[in-house]
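Novice: output the structure for:
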Amino acid sequence: MLLSYRASVAHAWLGYKSRLNIISSPALRPVRSLAGDGNTSGSDDIYELARMLSQQAAKFRKSIDDEEISKSYDGFDDATRSGTFGLQQLGERVFREVGPGSFDSADFTELDKYKVMRDRVMAVFLPRQPMQQAVTVLLKEYLPVARAMALNELLILSKLFNRPEDLYEAAIAPLRRRPRVVPLLGYFVSPPSAPKEAASVSLDSAAASVWLVYRYEKLMPLYMYLGFVQPPEGATSYFRRTEVAEAEAWRARYYWLRVLSRALLDAVSDFHDAGVTHGSISSRTVLLSSTRDANADALVVKLENFGFGRLEPVELYTTSRKGQKNDLQAVALTLLEVYCAGTFTSTTKYPIGPLTRTSLERLLFETYRGDVAAFRLYCAADPSLSRLVAFLDEGRRSGWELIAELLRGHWGATALLHQPFFHMLNSR
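Specialist: Numbers count the residues shown, from 1 in each chain. Prediction:
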């Protein structure tokens, strides 16, 4: 009971901090709309929810004794078997496998005054060697209540790529397709950016936040694409009819969507092969180098936020497959959400917009119970989704077949990269 409550409070608090973009300052509140639903009408409700969560957590903290809290932190008898570790064990393992933090808060200029980007802070890293210029990096703060998630992400990222020996060279390195995750430069421990709010939900009022430092690669979160994408417009001329130009524009859009799909599945394949599951794949954890259809061949796709991820030992085949299946189903929902937005065409004066992830979850898992063929008929009956149906129907409905296989989760990500849906990329 204690653990489930603590997990729910930590999860809710982390989500709240993510929506507020980590730094809780009145001057930064307008930025919150970037992580919301496209408007700021619910701003007061978010702050009211945070206040209520803080009060409930503080009240619950007073109702339990220190011994019970210690037991919840120290782990379980079956920790090594289940892959679940207590906070103390996680900390020891991070120090042993990742090492001490490579940075200090003094390495960055005025953290709380720099531009907020999604759930991270853009800050300036001040190199320690002469003749080296300051470089922009990304910082992500995990409050004390979410410390286990920070340590978990550190462990997972250390398995996906080696820790850089030269921090400055790693920070200024150019954008590369691999690794398919946002490169971690290091971490440091520092007091929370919002001490009063952190203390109100922390089980240890003196605990510090864990700050993770990432390379700044100028990538855009996928959910922002969902908010502004419009039907493509063809370049018409005296010698090119409107119909021809429009058909070419849609072919370019379909190609971009296929490239995105392959890159995302390729990223999932990489960390699944490394024994890692992500646990929270969505349009908020997928990053893009470009949203222009014309830049499809140069598109770079990466994933971030491995705080809910798992390290899956090879011998735990059943558990590992379950985690991978959850990731693949999340990929299916994410791709469908992008397909709906990228192919949506308004046919009414007041359109309700493309299908959202919540709607897709209800339709696929509750209404049609995984029956992709029935879901296709639902989409075919909606004129605004006609482009979606046409896109997924190409290649003998290979797109629907891919979605169905992702939802079933019988095949791994590597095998799914050979689906007929991706063969059309080679025929362009």
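
Novice: CA atoms only for the helix or strand containing L377, dumped as PDB, please.
Specialist: For L377, the element it lies in under DSSP states H and E is helix 372-380. The C-alpha coordinates for helix 372-380 follow below in PDB (Å, rounded to 0.1, in the frame of the first residue of the first chain):
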ATOM      1  CA  VAL A 372      -7.400  -3.600 -36.700                       C
ATOM      2  CA  ALA A 373      -9.600  -4.600 -39.600                       C
ATOM      3  CA  ALA A 374     -12.700  -3.300 -37.700                       C
ATOM      4  CA  PHE A 375     -10.800  -0.100 -36.800                       C
ATOM      5  CA  ARG A 376     -10.100   0.400 -40.500                       C
ATOM      6  CA  LEU A 377     -13.800   0.200 -41.300                       C
ATOM      7  CA  TYR A 378     -14.400   2.900 -38.600                       C
ATOM      8  CA  CYS A 379     -11.800   5.200 -40.200                       C
ATOM      9  CA  ALA A 380     -13.100   4.500 -43.700                       C
END
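
Novice: hmm, who's touching it?
Specialist: Residues from elsewhere that reach helix 372-380 (CB atoms under 8 Å, 6 or more residues apart in numbering): 363-364, 368, 385-386, 388-389, 392, 397, 400, 403-404, 407. C-betas here are computed from N, CA, C, even on glycine.

Novice: specify which member of the residues you listed is nearest to D297.
Specialist: Of all the contacts of helix 372-380, L392 has the smallest distance to D297: 22.0 Å, by CB to CB.

Novice: doesn't that closest one lie inside a helix?
Specialist: Yes. The assignment for L392 by DSSP: H, G, I helix; E, B strand; the rest coil puts it in a helix.

Novice: find the nearest non-adjacent residue to it, please.
Specialist: G399 (3.0 Å; CB to CB, 6 or more residues apart in numbering).

Novice: from A415, how far off is that neighbour?
Specialist: 17 Å (CB to CB, to the nearest Å).

Novice: which neighbouring elements make contact with the longest helix seen in the chain?
Specialist: Taking DSSP state H as the criterion, the chain has its longest helix at helix 242-273. Applying 3 or more CB pairs under 8 Å, 6 or more residues apart in numbering; DSSP states H and E, one finds that helix 242-273 contacts strand 301-303, helix 317-343, helix 386-408, helix 413-416.

Novice: buried residues in the third one?
Specialist: Think helix 386-408. 386-389, 391-392, 395, 397-407 (16 or more other CB atoms under 10 Å).

Novice: okay, now the domains of the chain?
Specialist: Per the record, the chain has its domains at 2-217, 221-425, by automatic domain parsing.

Novice: got those domains as CSV, with mean pLDDT columns?
Specialist: As requested, these are exported to CSV (pLDDT from 0 to 100):
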stretch, mean pLDDT
domain 2-217, 66
domain 221-425, 90
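
Novice: that older thread, test my guess that the residue nearest to L392 contacts D393.
Specialist: Yes. Using CB atoms under 8 Å, G399 is in contact with D393, at 7.1 Å.

Novice: I'd like to know which elements whichever strand or helix holds V121 is packed against.
Specialist: For V121, the element it lies in under DSSP H and E is strand 120-125. Counting contacts by 3+ CB pairs under 8 Å, 6+ apart, strand 120-125 is packed against strand 135-142.

Novice: those strands in the stretch 151-300 of the chain, which residues are they?
Specialist: Taking DSSP state E, counting those that start in this stretch to define them, one finds strands in the stretch 151-300 of the chain at 184-190, 209-215, 220-221, 276-277, 286-288.

Novice: between these, which gets nearest to Q133?
Specialist: Judging the strands of the stretch 151-300 of the chain by CB to CB, what sits closest to Q133 is strand 209-215, at 15.2 Å.

Novice: ok, back up a step: do you know which of the helices and strands packed on helix 242-273 lies nearest I281?
Specialist: helix 317-343 (3.9 Å).

Novice: who does that closest one touch, helix- and strand-wise?
Specialist: helix 222-228, helix 242-273, strand 276-277, helix 357-361, helix 386-408, helix 413-416.

Novice: possible to save the ones you listed as CSV with distance to G342?
Specialist: Below are the helices and strands packed on helix 317-343 laid out as CSV (distance: least, CB to CB, whole Å):
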stretch, distance to G342
helix 222-228, 8
helix 242-273, 6
strand 276-277, 27
helix 357-361, 14
helix 386-408, 8
helix 413-416, 20
